[in-house]
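Visitor: task: produce atomic coordinates for the following.
(one chain, ligands or ions: 2)
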Amino acid sequence: MDFKTLIREIPDFPQPGILFRDITPLLADGEAYQKAINKLAVFAKEKGAELIVGPEARGYVVGAPLAYALTAGFVPVRKKGKLPGQTLAVQYGLEYGNDVLEIHVDAIQPGQRVVVADDLLATGGTMSATIDLVKKLGGNVVGGAFLIELMELGGRNKLGDLDVFTLVQY
Ligand SMILES: O=P(O)(O)OC[C@H]1O[C@H](OP(=O)(O)OP(=O)(O)O)[C@H](O)[C@@H]1O
Ligand SMILES: Nc1ncnc2[nH]cnc12
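Guide: Ligands and ions are numbered 1, 2, ... in the order given. Coordinates of the predicted model:
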């Protein structure tokens with residue numbers, strides 16, 4: 001399946017100079033969405049994932065169905081002030097801004113095998129912050145799964161020697 005035909009390019013969003021890769025057409029195509037998640041699931045299963053951790057918001061439309069496909073748990077990483085329990089926070093930068101991500105301090109048991117998941121890997125800022133949170137809670141990050149990788153932004157290098165699977169690359 002040619003997933004790229006279902007990823008729309010929108011210039012100058014959310015700010016001038018950014019070519020936004022919009023996955024909403026892919027999400028709206030049930031067969032393509034399922035096939036895409038199933039491909040990520042093969043990778044995550046090979047890695048022995050017990051938990052999938054994904055950042056708000058697009059990380060949920062990838063991470064939650066991925067967890068369901070594996071019968072694994074899903075842990076949401078949220079933007080500041082949204083999680084109700086005690087949280088651990090980290091500041092981060094991404095291709096077009098800065099923000100704070102949080103996780104519940106009791107969301108991960110030490111040693112649990114975690115695959116982190118998101119729709120898109122750009123600079124890697126969001127995912128390195130997510131991994132930082134998981135590691136601080138004692139999680140064992142065994143892989144990263146993404147629908148899209150923007151190669152020229154070098155996000156993969158920011159994730160060290162983590163085993164990273166991406167469905168499509170630009
Ligand atoms: O590799 P990076 O440079 O960090 O960029 C990738 C991140 O940017 C987008 O999230 P965004 O913060 O726009 O939030 P959203 O999911 O709520 O749209 C995307 O879903 C990734 O999480
Ligand atoms: N170019 C891009 N398109 C969509 N989401 C993004 N997140 C960071 N960079 C992005």
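Visitor: show me what from this protein comes close to ligand 1.
Guide: Residues of the chain found near ligand 1 (Cβ under 6 Å from any ligand atom) are 55-59, 94-95, 118-126, 155. Where C-beta positions appear, they are placed from N, C-alpha and C, glycine not excepted.
Visitor: and those residues near ligand 2, which?
Guide: Among the residues of the chain next to ligand 1, the ones lying near ligand 2 by Cβ under 6 Å from any ligand atom are L94, E95, L120, A122.
Visitor: which members of these are the farthest-apart pair?
Guide: Spatial extent of those (Cβ to Cβ) is set by the pair L94 and L120 at 9.9 Å.
Visitor: quick one, helices of this structure?
Guide: 24-28, 30-46, 58-70, 125-136, 155-158 (DSSP state H).
Visitor: can you list the buried residues in the third one?
Guide: Just to be clear, that refers to helix 58-70. Under the neighbour-count criterion of 16 or more other Cβ atoms under 10 Å, helix 58-70 has R58, G59, Y60, V61, V62, G63, A64, P65, L66, A67, A69, L70 buried.
Visitor: got those residues as TSV, with distance to Q15 and pLDDT columns?
Guide: Formatted as TSV, the buried residues of helix 58-70 follow (distance: Cβ to Cβ, whole Å; pLDDT from 0 to 100):
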residue	distance to Q15	pLDDT
R58	17	98
G59	21	98
Y60	23	98
V61	23	98
V62	24	99
G63	26	99
A64	28	99
P65	30	99
L66	29	99
A67	32	99
A69	34	98
L70	36	98
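Visitor: ok, back up a step: with distance to F13 added, can I get the helices of the chain in JSON lines?
Guide: Conversion of the helices of the chain to JSON lines gives the following (distance: least, Cβ to Cβ, whole Å):
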{"stretch": "helix 24-28", "distance to F13": "12"}
{"stretch": "helix 30-46", "distance to F13": "22"}
{"stretch": "helix 58-70", "distance to F13": "14"}
{"stretch": "helix 125-136", "distance to F13": "17"}
{"stretch": "helix 155-158", "distance to F13": "19"}
